[in-house]
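A.B. asks: no sequence on this one, just coordinates:
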């Protein structure tokens, strides 16, 4: 036997390299023809997207979130939430969402999903309008920063081809006393209807092989998956948790990210008219009830059914149950099942992703409002003064939010703010503020 040397090794490697392109190409082609080994894995991806898609579209009797990859993992994760902290709704993905009560002056950082999305969508709209504004020129030591703006500034910013720089914009809304649907019930928009459309497309795609060749396996998976998805998203717990606050009116509140933000939303409540959601209580989240026994039992059953569906998908790949009544070999039929399932899952995934991240009007979030006006200026202090002048106590409640280190003024502004602060600190129907008494309540002796 000839000794094995480096030349023999090179010859073996060369022969293997010559055959490798064929082997690799065959493996890749086979994988794309029959992606059976990844379908079960894909079913476990993206549970966070599914949760946010449900959070966005829930609130009606039916929540149309299409069947997609990630539902199995979501169903399992929801069990931990139901038997853990008891919350199905995700936290707000808008950081530092602050809700400031006008009368109380209390500022709360909320994790409420509805309020976070409301602020995010409004901020996105404002950012789009500010996209082409003029460059910011910071005030220097020689500039009089308290100089009054031109009297026609409001009109100039609305009509100029290039809008002036806005240091802060306050969008003023009032609660709609005659909404199209009750407060706490969302209006139907494109996001909601897109779910129904995608579900219909999925069922049509899955029905074609059944009608043409008698292959009913793919329809079984699509129909079962969408049925379980509708049941998961339509649990009453979603509606109860999403708007866990009284719906008989609330006080005026301001929603903003605070110092550094260029936008704030003032919502004028209709407490006397007993209309609208109490946004202060919604921000606190104290009215969120623990899941009922019904929610827990149904969640367990649905999680088990999702696992069964995952086994069915794996069984289709092995052709364990659903044998086609066509002339195609079983192996080719299984390949077509895999591609159809992959296509259906991708359709649903796109819908879930769109629903989870889409910008929506406040009414689609269950908050029914009417736009009153927009207050803006190139200086934050000037905006707060305008707001305080039109809506007493509102501007004063925002001074500590946008000027945490204190706001310094002089001249006419000093007189204006002294009057505003004195009015805010004056005794009212609730009594006198104890932090402004100027003396201890109890004598040291």
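C.D. replies: Okay, I see it. Not measured: the values here are computed from a predicted model.
A.B. asks: so how far is residue 385 from the residue nearest to the spatial centre of the chain?
C.D. replies: Closest residue to the average C-alpha location of the chain: residue 117 at 4.9 Å, with Cα atoms, centre = their mean. Residue 117 sits 30 Å away from residue 385, going by Cβ to Cβ, to the nearest Å. In this view, the C-beta of every residue, glycine as well, is placed from N, C-alpha and C.
A.B. asks: Show me what the stretch of helix or strand the residue nearest to the centre of the chain belongs to is packed against.
C.D. replies: In this structure, residue 117 is located in helix 113-129 according to DSSP states H and E. When contacts are defined as 3 or more Cβ pairs under 8 Å, 6 or more residues apart in numbering; DSSP states H and E, helix 113-129 sits against strand 97-101, strand 168-175, strand 253-256, strand 263-268, helix 279-284.
A.B. asks: can we see that at 7 Å?
C.D. replies: With contacts taken as 3 or more Cβ pairs under 7 Å, 6 or more residues apart in numbering; DSSP states H and E, helix 113-129 sits against strand 97-101, strand 253-256, strand 263-268, helix 279-284.
A.B. asks: Any chance you could list what contacts that helix?
C.D. replies: With contact meaning Cβ atoms under 7 Å, 6 or more residues apart in numbering, helix 113-129 is reached by 55, 89-94, 97, 99, 169, 171, 242-243, 255, 263, 265, 279, 282-283, 359-360, 362, 365-367.
A.B. asks: Out of the helices and strands packed on helix 113-129, the one nearest residue 380 is which?
C.D. replies: The closest approach between residue 380 and any of the helices and strands packed on helix 113-129, judged by Cβ to Cβ, belongs to strand 263-268 at 10.1 Å.
A.B. asks: What strands line up against the closest one, and which way round?
C.D. replies: strand 168-175 (parallel), strand 253-256 (antiparallel) (DSSP bridges).
A.B. asks: quick check: mean pLDDT across the first one?
C.D. replies: Spelled out, that is strand 168-175. Strand 168-175 shows a mean pLDDT of 96.
A.B. asks: Could you check how far the helix or strand following it is from the centre of its chain?
C.D. replies: Counting by DSSP H and E, the next helix or strand C-terminal to strand 168-175 is helix 190-213. Put simply, helix 190-213 sits 26 Å off its chain's centre (Cα atoms, centre = their mean, to the nearest Å).
A.B. asks: Domain map for the protein?
C.D. replies: The record's domain parsing of the chain by automatic domain parsing lists 40-131+161-378, 382-427.
A.B. asks: Can you say which of those domains is packed in most?
C.D. replies: Highest mean neighbour count of these: domain 40-131+161-378, a mean of 19 (counted as mean count of other Cβ atoms under 10 Å).
A.B. asks: coming back round to it: of the domains of the chain, which is nearest residue 433?
C.D. replies: Residue 433 sits nearest to domain 382-427 of all the domains of the chain, at 6.0 Å, using Cβ to Cβ.
A.B. asks: Next, residue 375: secondary structure please.
C.D. replies: strand (DSSP: H, G, I helix; E, B strand; the rest coil).
A.B. asks: partners of it in the sheet?
C.D. replies: Per DSSP bridges, the residues bridged to residue 375 are residue 170.
A.B. asks: can you tell me which residues contact it?
C.D. replies: Counting by Cβ under 7 Å, 6+ apart, residue 375 touches 170, 172, 383, 386-387.
A.B. asks: rerun at 6 Å
C.D. replies: Shown in contact with residue 375 (Cβ atoms under 6 Å, 6 or more residues apart in numbering): 170, 386-387.
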